[in-house]
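*Asks:* Starting from these lines, generate the structure:
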Amino acid sequence: VAAVLAACDEAQVPVTPAAGRSGVCGGAIPVFGGVGLDLTGLAGIRSVDDTSLLVEVAAGTWGDDLEAALAADHGLTVGHWPQSMAISTVGGWVACRGAGQYSTRYGKIEDIVAGLEVVLADGRVVRTGGRAPRSATGPDLTQVFVGSEGTLGVVTAVRLRAHPTPPADGRRGWAWPDF
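*Replies:* Take a look at the predicted model:
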């Protein structure tokens with residue numbers, strides 16, 4: 001990703017990053033031409049810290065794959081369940097500042113992200129956040145990139161806060177004969 005962005009920057013070629021393409025606003029359409037940068041090849045869990053409950057995951061990882069692997073191998077969840085869960089990626093959640101079904105329990109994505117790896121337009125790689133779940137060391141550069149839709153840099157990895165999976169999980173539905 002860094003090499004592609006550096007080459008495109010030097011040649012002044014626009015780049016449109018995309019992965020799951022589940023958005024409905026056309027953000028993944030390269031309206032000015034240039035390079036469509038598909039990030040779905042950047043997939044998988046990079047590391048899990050079972051003590052601090054931090055998970056580092058590549059940005060092209062599909063949401064349902066992340067949750068299945070975390071639950072099976074670590075008994076964890078990040079708790080972010082957008083309606084597009086099976087067709088959206090972790091990087092997309094961050095780029096569009098997503099919310100999900102369990103936002104009232106675990107927070108929206110900006111509450112779950114502990115740090116990022118981002119490639120800037122000129123190819124430089126920056127890492128935000130610390131190696132701990134929380135920090136208080138000046139401005140939070142992570143939040144500058146969260147929700148920036150790929151305009152400030154391309155998210156290539158995300159550090160997320162995780163939680164133990166609940167001991168039970170259930171769904172219920174109710175019906176009434178009239179309003």
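
*Asks:* buried sites along the worst-scoring helix or strand of the chain on mean pLDDT?
*Replies:* Lowest by mean pLDDT, DSSP states H and E among the helices and strands of the chain is helix 103-106, with a mean of 86. Under the neighbour-count criterion of 16 or more other Cβ atoms under 10 Å, helix 103-106 has 103, 106 buried. C-beta: built from backbone N, CA, C; applies to glycine.

*Asks:* How about exporting it as CSV, limited to the C-alpha atoms?
*Replies:* Provided in CSV are the C-alpha atoms of helix 103-106 (Å, rounded to 0.1, in the frame of the first residue of the first chain):
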residue,chain,number,x,y,z
SER,A,103,-23.5,0.2,20.0
THR,A,104,-25.3,0.8,23.3
ARG,A,105,-23.3,-2.0,24.9
TYR,A,106,-19.8,-1.7,23.3
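
*Asks:* Now do the next helix or strand after that helix: which elements does it pack against?
*Replies:* Following helix 103-106 in sequence order, the next helix or strand is helix 109-112 (DSSP states H and E). On a contact count with 3 or more Cβ pairs under 8 Å, 6 or more residues apart in numbering; DSSP states H and E, helix 109-112 meets strand 154-161.

*Asks:* hmm, 10 Å instead?
*Replies:* For helix 109-112, the contact count by 3 or more Cβ pairs under 10 Å, 6 or more residues apart in numbering; DSSP states H and E identifies helix 90-95, helix 103-106, strand 154-161 as packing neighbours.
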